[in-house]
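Enquirer: fold the following.
(chains A and B)
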Amino acid sequence: MSEILEIEISAELAAKIGEHGVETYPHECCGALLGRDQSFTGKVDSDAKGHEAAREILGLFPLVNRREDSPRNRFSVTGEDVREAEKSASAQGLEVVGWYHSHPDHPARPSEYDRDHAWPWYSYIIVSVRDGVAGDMTSWRLKDDRSGFLEEKIDSVKAGAAV
Amino acid sequence: MSIKVMIPTPLRVYAGKRDSADIAAATVGEALGRLTSEFDELRKHLFTEEGKLRAFVNVYLNDEDIRYLAKENTPTKDGDTISIIPSIAGGTSKNAD
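Expert: Model (predicted):
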């Protein structure tokens, strides 16, 4: 099966995610990805054949990491925060299409913990922040059967071009 | 007695692409049970293999978190709305605790 999942984000917004991770380092940062998705109905198995970046990120909604016990390697966003993010998206004519968080001093790859706490369809962007410097950024979608994540290509375009 | 269950966007693909479902049920737990019986693919994203509601899945009855009501035994009445909202959590693979 050769799915090509793709997400489009401006270089400016991608940089902002990295900056948020640097700001909260050595703790994890997190936030919502606001945007549009043209392939709404596509499951991960059948999605994304011959489309052009069906999903685009047009805004961010930074959130406060609610984990006070272990903020270096966990983040948590409450159901109320999620509702706020959804309201903000809706007010801008967008929807919450995913979430971002940082992995301080760890690779930008989803963990087992990430998998246990994910839903399909959402894009999960992870930025690695090492020694306080933002590095690799990846994006992932949970498979329908919850067995793991599929990486999606981040198509980063010049600032403003995505709008 | 009919209550409305709002289906969150990421899970609509498992619910016939519907954004809501009208279900006859006397409790929140019964409503979720009937919903996942009708749309079997929804089940694994809401419940663990042991049949417990996943910890990151929040259920609201008319804007009240059922954790602060009677959880899944919370009684429903005609015209109620159930919303399913995820908490978002994640992190690196090191143990947190």
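
Enquirer: low pLDDT regions in chain B?
Expert: B:93-97 (pLDDT under 70).

Enquirer: how about residue B:2: what's its closest non-neighbour residue?
Expert: residue B:22 (5.0 Å; Cβ to Cβ, 6 or more residues apart in numbering or on different chains). C-beta here means a position set from N, CA and C on the backbone, and glycine is covered the same way.

Enquirer: just checking, what packs against the helix or strand of chain A with the lowest mean pLDDT?
Expert: Ranked by mean pLDDT, DSSP states H and E, the weakest helix or strand in chain A is strand A:75-77, scoring a mean of 83. Counting contacts by 3 or more Cβ pairs under 8 Å, 6 or more residues apart in numbering or on different chains; DSSP states H and E, strand A:75-77 is packed against strand B:88-90.

Enquirer: so is the strand it packs on next to chain A?
Expert: Yes - applying Cβ under 8 Å from any Cβ of the partner chain, one finds that strand B:88-90 is in contact with chain A at B:88-90.

Enquirer: who wins for neighbours among the residues you listed?
Expert: Neighbour counts for the residues of strand B:88-90 next to chain A (other Cβ atoms under 10 Å in any protein chain shown) peak at residue B:88, which has 29 neighbours.

Enquirer: isn't that one right up against residue A:31?
Expert: No - the criterion here is Cβ atoms under 8 Å, and residue B:88 misses it with residue A:31 at 9.4 Å.

Enquirer: can you list residues touching both of the two?
Expert: Shared contacts of residue B:88 and residue A:31, defined by Cβ atoms under 8 Å, 6 or more residues apart in numbering or on different chains, comprise A:63, A:99.

Enquirer: for the chain, what spans make up the helices?
Expert: No chain specified, so I'll use chain A. Under the criterion DSSP state H, chain A contains helices at A:11-24, A:79-91, A:112-116.

Enquirer: um, chain B though
Expert: B:28-38, B:43-46.

Enquirer: can you list contacts of stretch A:106-114?
Expert: A:73-74, A:103, A:118, A:124, A:126-128, A:135-138, A:140, A:149, B:89-94, B:96.

Enquirer: repeat the analysis, applying 7 Å as the threshold.
Expert: A:124, A:126-128, A:136-138, A:140, A:149, B:90-93 (Cβ atoms under 7 Å, 6 or more residues apart in numbering or on different chains).

Enquirer: buried residues of that stretch, list them for me.
Expert: A:106, A:108-111, A:113-114 (16 or more other Cβ atoms under 10 Å in any protein chain shown).

Enquirer: which of those residues sits closest to residue B:70?
Expert: residue A:113 (29.8 Å; Cβ to Cβ).

Enquirer: and the buried residues of stretch A:106-114, which two are the farthest apart?
Expert: A:108 and A:113 (14.8 Å).

Enquirer: in stretch B:6-23, which residues are buried?
Expert: For stretch B:6-23, by 16+ other Cβ under 10 Å, it's B:7-15, B:21, B:23.

Enquirer: relative to chain B, how far out is residue A:151?
Expert: 15 Å (Cβ to the nearest Cβ, to the nearest Å).

Enquirer: re earlier: could you export the buried residues of stretch A:106-114 as TSV, including pLDDT?
Expert: Putting these into TSV (pLDDT from 0 to 100) gives the following:
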residue	pLDDT
A:106	94
A:108	96
A:109	95
A:110	94
A:111	91
A:113	88
A:114	90
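
Enquirer: how close does the residue nearest the centre of chain B get to residue B:74?
Expert: The centre of chain B sits closest to residue B:84, judged by Cα atoms, centre = their mean, with a distance of 4.6 Å. From residue B:84 over to residue B:74 the distance is 14 Å, taken as Cβ to Cβ, to the nearest Å.
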